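In: Need a 3D model of the sequence below.
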Amino acid sequence: MLDQFQVRDLPLFDVVLALETTPLRHVVAAFSADSCRGVLVLDADGRPRGLVMRETLERHVARVGELRVGMLPVLGVVELEPDAMLHEAAFAVSKAGVGALVCRTGNGADPRAMLRDEMLNLTDWKPLLDARTERLAAVAATSSAMARPTPPSVILL
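Out: I've put the predicted structure just below:
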């Protein structure tokens, strides 16, 4: 059954992006939406280095607001393509040191994340089924639109 779902079907949550050199107080100030549950810490090259959960940041910012976010302990992350199958994602996050998966759900989209334990202990399949149904409907609509013959062009002289 896992081979029927893609990573993009998972209920991924929003994250704030921050370079590892960003002070904690700046990162906490960036949390505007309640849906942002963590910070994806990026290295100098812009690659994901790890994930710090929002609660951890808020706990430390009062004491050491100038501390760089890269100094906090991070959950290891694995970045997956949106069309990766769910069984591939389960295999990727089950490796030692991985605490979350990260995925960009479209071209130019910001990355979103899901904790390893949330993914492996998923009990509510309704969001996955709904997301898969929407994805398949969009693919079918695109396919049928492309399959329709286009009328010939008429050039008036």
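
In: if I pick Val61, what's in contact with it?
Out: With contacts defined as Cβ atoms under 8 Å, 6 or more residues apart in numbering, Val61 is in contact with Leu24, Arg25, Val28. For glycine as for every other residue, the C-beta is placed from the backbone atoms N, C-alpha and C.

In: Neighbour-wise, give me the winner out of the residues you listed.
Out: For the contacts of Val61, neighbours were counted using other Cβ atoms under 10 Å, and Leu24 has the most, 25 neighbours in all.

In: That one against Gly70, yeah?
Out: No - applying Cβ atoms under 8 Å as the test, Leu24 and Gly70 come out as separate, 10.2 Å apart.

In: bridging residues for the residue nearest the centre of the chain?
Out: With distances taken as Cα atoms, centre = their mean, Arg112 lies nearest the centre of the chain, 2.1 Å away. Counting by DSSP bridges, Arg112 forms beta bridges with Asp14, Cys103.

In: Start at 56, not 1
Out: Sounds good: first residue 56 from here, last item Arg167.

In: need the longest helix for the chain.
Out: helix 181-202 (DSSP state H).
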